[in-house]
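# following is a predicted model, sequence given first.
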Amino acid sequence: MLDALREEVLAANLDLPKYGLVTFTWGNVSAINDARDLVVIKPSGVAYENMSASDMVIVDLKGNVVEGTLRPSSDTATHLALYRQYDDVGGVVHTHSSNATSWAQSQRSIPVLGTTHADYFNGTIPCSRLLTPEEVEQGYEELTGSLIIETLGDTPPLTMPGILISNHGPFAWGKDAHGAVHNAVVLEEIARMALATAQLNPGLAQLPDYILNKHYSRKHGKNAYYGQNKA
Ligand SMILES: O=C(CO)[C@@H](O)[C@H](O)COP(=O)(O)O
């Protein structure tokens with residue numbers, strides 16, 4: 001079942017160590033099928049170098065394992081919350097990439113300090129609030145998904161294809177698994193450059209909106225002319 005999607009999700013998961021976004025078995029990537037009723041996700045705790053397409057786990061939107069012999073990622077509930085909420089999100093990724101996770105641990109949103117940021121994220125990359133002790137007890141992974149939705153608010157998810165979960169790390173998404181990983185790589189690069197920029201010039205003001213809007217619209221929406229943006 002869903003053999004092609006399994007291969008796509010495996011390839012996207014193998015891109016995480018390839019692009020230096022994960023250590024050991026940290027991180028996970030998933031994708032949803034065209035009918036939007038089944039999700040293929042990385043198995044929990046399996047080393048990337050040993051992973052195969054047949055190891056990918058297929059779950060329904062309630063998290064029930066439909067096909068697979070291994071346990072799905074421990075972050076599955078977070079991925080599923082995003083698929084249920086956003087019809088235009090086709091792939092989700094979570095990592096502990098160092099620079100984005102440093103911003104998340106410092107509980108700071110990433111300001112727009114340059115045009116690289118503006119090309120992909122239409123504004124400040126938000127960091128969520130902390131989950132309350134009651135929420136953690138109630139259901140950490142499900143509520144991490146709710147927290148992402150709460151933090152995005154009315155922002156269309158593909159205009160802000162990633163956010164930071166306070167004290168935890170980044171979650172990113174896209175039209176498919178490849179697009180989600182692409183956005184996770186960009187988010188980590190933006191986090192790295194923003195950290196260095198803030199050290200070089202503390203208190204630097206954000207990029208003015210007229211430059212942000214110009215750069216963002218060049219790659220997205222009706223004005224896009226950078227070819228077909230698939231991420
Ligand atoms: O954030 C976490 C755990 O808090 C995850 O990224 C794990 O590090 C990977 O978990 P699995 O996907 O292997 O279950």
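That came through, no problem.
# measure stretch 58-67 end to end?
Distance across stretch 58-67, first residue to last, is 5 Å (C-alpha to C-alpha, to the nearest Å).
# touching the ligand at all, it?
No - shown here: stretch 58-67 not in contact with the ligand (C-beta under 6 Å from any ligand atom), separated by at least 12.7 Å. All C-beta spots, glycine's among them, are computed from the backbone N, C-alpha and C.
# how many neighbours does the nearest residue to Arg71 once chain neighbours are set aside have?
Closest residue in space to Arg71, ignoring its immediate chain neighbours: Ser44 at 4.6 Å, by C-beta to C-beta, 6 or more residues apart in numbering. If you count neighbours by other C-beta atoms under 10 Å, Ser44 ends up with 15.
# for Thr159, see how far away Ser44 is.
The gap separating Ser44 from Thr159 is 31 Å, by C-beta to C-beta, to the nearest Å.
# now do the helices in this protein.
Secondary structure of the chain by DSSP state H: the helices cover 3-18, 76-85, 98-105, 115-120, 133-152, 177-200, 209-219.
# could you dump those into a markdown table with mean neighbour count, mean pLDDT and distance to the ligand added?
Formatted as a markdown table, those follow (neighbours: other C-beta atoms under 10 Å; pLDDT from 0 to 100; distance: least, C-beta to the nearest ligand atom, whole Å):
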| stretch | mean neighbour count | mean pLDDT | distance to the ligand |
| --- | --- | --- | --- |
| helix 3-18 | 19 | 98 | 9 |
| helix 76-85 | 22 | 98 | 8 |
| helix 98-105 | 20 | 98 | 10 |
| helix 115-120 | 20 | 96 | 22 |
| helix 133-152 | 16 | 92 | 9 |
| helix 177-200 | 21 | 98 | 12 |
| helix 209-219 | 15 | 92 | 29 |
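# of all the ones you listed, which one is nearest His168?
His168 lies closest to helix 98-105 among those, at 5.9 Å (C-beta to C-beta).
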